[in-house]
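J.: could you look at this predicted model? Sequence included:
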Amino acid sequence: MQLEHVPGREAGPLRRRQAGIHPLNPAVHSFYRLISVNIQACFIRRTGERGPQATMSNPLLEDHHLPPFSRIEPTHVEPAVRELISRNRQAIDELLAAQAAPDWDNILQPIEELEDSLERCWAPVSHLNGVMNSDALREAYNRCLPLLSEYSTWLGQHRGLYQAYRAIAEGPDYQALDQARRKAVDNAVRDFRLAGVSLPEAERQRYGELQQRLSELGSTFSENVLDATHAWQREATEQELSGLPPTALASARQAARDAGKDGYLVTLDMPSVLPVMSMFFICLNVFETFLLGT
């Protein structure tokens, strides 16, 4: 059961969280790097001094209108995820125990808010892992994958929660819900079944093991793609880049200087490679020769 953290996710707690515990799609890493210039600037301006306040508060557990990217440290990640998962588990069980007649307002809406608190913690971590990946952040991120996978499986195979959703779907108030809420309920019931809620115990456990393994493999694959993307670079001459916009040309020259090289340097970061791709779009042979070396 996965909970997507990108815009456009479905309402309800069964939003396919496995997609949310993977890094951002490698194909869009560079695009997010482009829109994260201000985030990077905030990190660059920071000093090495952390002071006592950094250890006393965790920005991932605070309520913010926008994620406090500049304050998030790798050491914040696992404690925040563990606390929110523990809090959500307890709250969900208490909600179910307190309601004899589950409905949208006394079950679904509170659970949606609980899930949103976890998503508001994990989404900025996942984003930073894609655009500002470091060894420490990667390690913290990967330590949380089994936690989130286990929680996802627990949520998707929670028979009491499944029965509450079924009671709403089959109850007299279902037709009074608007179309969006009925769709959310229908999708949730479907996702409980897909998560193996009705399977025998041994098969449910095996499903959980497979989900955790898939999350680990997905993360490793994305890390490999990200590392390979960062490793590729191509030195170029001004003649080869003739026709490039002046700003892109200046950026390529600066990239070469930063790498201690002469001339120009093109990387697979989107601000670097996109102008080159656009320039060579009309000439596929030149594009293949320059970027692919074929």
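T.: Arrived safely.
J.: what helices or strands is the helix or strand hosting Asp227 leaning on?
T.: Secondary structure from DSSP states H and E places Asp227 in helix 201-231. Counting contacts by 3 or more Cβ pairs under 8 Å, 6 or more residues apart in numbering; DSSP states H and E, helix 201-231 is packed against helix 17-20, helix 29-34, helix 135-156. Where you see a C-beta, it was placed from the backbone N, CA and C, and this is true even at glycine.
J.: for this structure, give me the ranges with low pLDDT.
T.: Residue ranges of the chain with pLDDT under 70: 1-56, 281-294.
J.: would you say Ser198 is within a strand?
T.: No. Under DSSP: H, G, I helix; E, B strand; the rest coil, Ser198 falls outside any strand and is assigned coil.
J.: what about it, neighbour count?
T.: Number of residues near Ser198 (other Cβ atoms under 10 Å) recorded here: 12.
J.: just give the nearest non-adjacent residue to Ala80, would you?
T.: Nearest non-adjacent residue to Ala80, counting by Cβ to Cβ, 6 or more residues apart in numbering: Leu60, 3.7 Å away.
J.: check Gln99 too.
T.: Spatially, and ignoring its direct neighbours in sequence, Gln99 is nearest to Asn106 (5.0 Å; Cβ to Cβ, 6+ apart).
J.: hmm, the one you found is touching Ala97, no?
T.: No. Between Asn106 and Ala97 there is no contact under Cβ atoms under 8 Å: 11.9 Å.
J.: quick revisit: what sits against the residue nearest to Ala80?
T.: By Cβ atoms under 8 Å, 6 or more residues apart in numbering, the contact set of Leu60 is 72, 76-77, 80-81, 121, 124-125.
J.: same deal with Leu199?
T.: Contacts for Leu199 (Cβ under 8 Å, 6+ apart) come out as Tyr207.
J.: tell me how far it lies from Thr220.
T.: With the distance defined as Cβ to Cβ, to the nearest Å, Leu199 ends up 27 Å from Thr220.
J.: please identify the helix or strand for the residue nearest in space to the middle of the chain.
T.: Taking Cα atoms, centre = their mean, the centroid of the chain lies closest to Ser126, which sits 3.9 Å from it. Applying DSSP H and E as the criterion places Ser126 in helix 109-131.
J.: and the angle for that helix with helix 135-156?
T.: Calculated by axes from the mean of the first three to the mean of the last three Cα atoms, to 10 degrees, helix 109-131 forms an angle of 150 degrees with helix 135-156.
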